[in-house]
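Asks: starting from these lines, generate the structure:
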Amino acid sequence: MADVSRSEKYPTRLLARSRLSADTLQIDLERPSGFSFVPGQGIRLSSNGLEREYTLVCGPNDDQLSICVQVVENGAFSPLLARLETGNSLLLSGPHGYFTFQTKERPAVFVATGTGIAPFVSMVRAGVSGFTLLQGATTSTDLHYRDITQPASRCYVGCITGEQAKEEEAAWRHRGRVSDFLKKKLSPGIFDFYLCGRREMVRDVVSIVDDLFSGSKVFFEIFF
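Replies: Numbering: from 1, shown residues only. Coordinates of the predicted model:
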């Protein structure tokens, strides 16, 4: 992918914070004048000597910048964002990253786990549609932004690992990991796979693509 990263630094302020689930927040930030990005890119936030990268979930023309943050107990930066008061200042740099959507003739399959859904939300807000999305989570309440991504998709599957199956399941829900769905239920074909999430998921899906979807391409970003 083309190098579309930049390292400009800008002051910003916390505008709002909303809870997506028990341990996940959306953080809205003041958008610096002149700041632009490509959906799929992120920013690097810093405060008091601490620094952390986050992928943007907002659209490229939105008035504010938004990120999806999993609050990690004893984490280096997320607890700061969880307690920071509205109006407080931060420093951001960017945009950073290369995980951007490339329009191709091959159908796109997006695979996300946890906050790895973030770049796909930004892509959808920029008008990307017609993709297959496999979104992995522990519970249904952890399928963040499904109300935005599912309507834009050709096929949406929420892959749930931490809930018992019910007698009547929604057609979009799969009990098991995203890798299980790929192995057993995704129709054969040649695709562009976009993977975003933990290293273990990316490793497993790349192996499955190599075995079952010969000729496909894989683009990925690992979230730690």
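
Asks: my guess is Ala152 contacts Val124. True?
Replies: Yes - using Cβ atoms under 8 Å, Ala152 is in contact with Val124, at 4.6 Å. All C-beta spots, glycine's among them, are computed from the backbone N, C-alpha and C.

Asks: of these two, which one has the most company?
Replies: Val124 (24 against 18; other Cβ atoms under 10 Å).

Asks: now do the SS call for that one.
Replies: helix (DSSP: H, G, I helix; E, B strand; the rest coil).

Asks: please apply the same query to Val209.
Replies: Assignment for Val209 (three-state DSSP): helix.

Asks: cool, and the one 10 residues further on?
Replies: Here Phe219 takes the strand state, with states given by three-state DSSP.

Asks: so it is in contact with Asp192, correct?
Replies: Yes - with contact defined as Cβ under 8 Å, Phe219 counts as touching Asp192 (7.1 Å).

Asks: shared neighbours of the two, anything?
Replies: Gln102 (Cβ atoms under 8 Å, 6 or more residues apart in numbering).

Asks: domain ranges for the protein, per the record?
Replies: As assigned by automatic domain parsing, the chain contains the domains 9-96, 108-222.

Asks: can you redo those domains as a markdown table with distance to Gln102 and mean pLDDT?
Replies: Output for the domains of the chain, formatted as a markdown table (distance: least, Cβ to Cβ, whole Å; pLDDT from 0 to 100):
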| stretch | distance to Gln102 | mean pLDDT |
| --- | --- | --- |
| domain 9-96 | 10 | 95 |
| domain 108-222 | 7 | 94 |
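
Asks: got the CA positions of stretch 116-126 in PDB?
Replies: The C-alpha coordinates for stretch 116-126 follow below in PDB (Å, rounded to 0.1, in the frame of the first residue of the first chain):
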ATOM      1  CA  GLY A 116     -10.200  -3.900  15.400                       C
ATOM      2  CA  ILE A 117     -13.500  -2.900  14.000                       C
ATOM      3  CA  ALA A 118     -12.400   0.800  14.100                       C
ATOM      4  CA  PRO A 119     -10.800   1.100  10.600                       C
ATOM      5  CA  PHE A 120     -13.800  -0.500   9.000                       C
ATOM      6  CA  VAL A 121     -16.200   1.900  10.600                       C
ATOM      7  CA  SER A 122     -14.200   4.800   9.200                       C
ATOM      8  CA  MET A 123     -14.300   3.200   5.800                       C
ATOM      9  CA  VAL A 124     -18.100   2.700   5.900                       C
ATOM     10  CA  ARG A 125     -18.500   6.400   7.000                       C
ATOM     11  CA  ALA A 126     -16.500   7.300   3.900                       C
END
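
Asks: for that stretch, list every residue counted as buried.
Replies: For stretch 116-126, burial by neighbour count (16 or more other Cβ atoms under 10 Å) applies to Gly116, Ile117, Ala118, Pro119, Phe120, Val121, Ser122, Met123, Val124, Arg125, Ala126.

Asks: possible to save these as TSV with distance to Val205?
Replies: As requested, the buried residues of stretch 116-126 are arranged in TSV below (distance: Cβ to Cβ, whole Å):
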residue	distance to Val205
Gly116	11
Ile117	15
Ala118	18
Pro119	16
Phe120	15
Val121	19
Ser122	21
Met123	18
Val124	20
Arg125	24
Ala126	24
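
Asks: wait, which of those residues is closest to Ala22?
Replies: Ile117 (16.4 Å; Cβ to Cβ).

Asks: need the three-state assignment for that closest one.
Replies: Applying three-state DSSP: Ile117 is helix.
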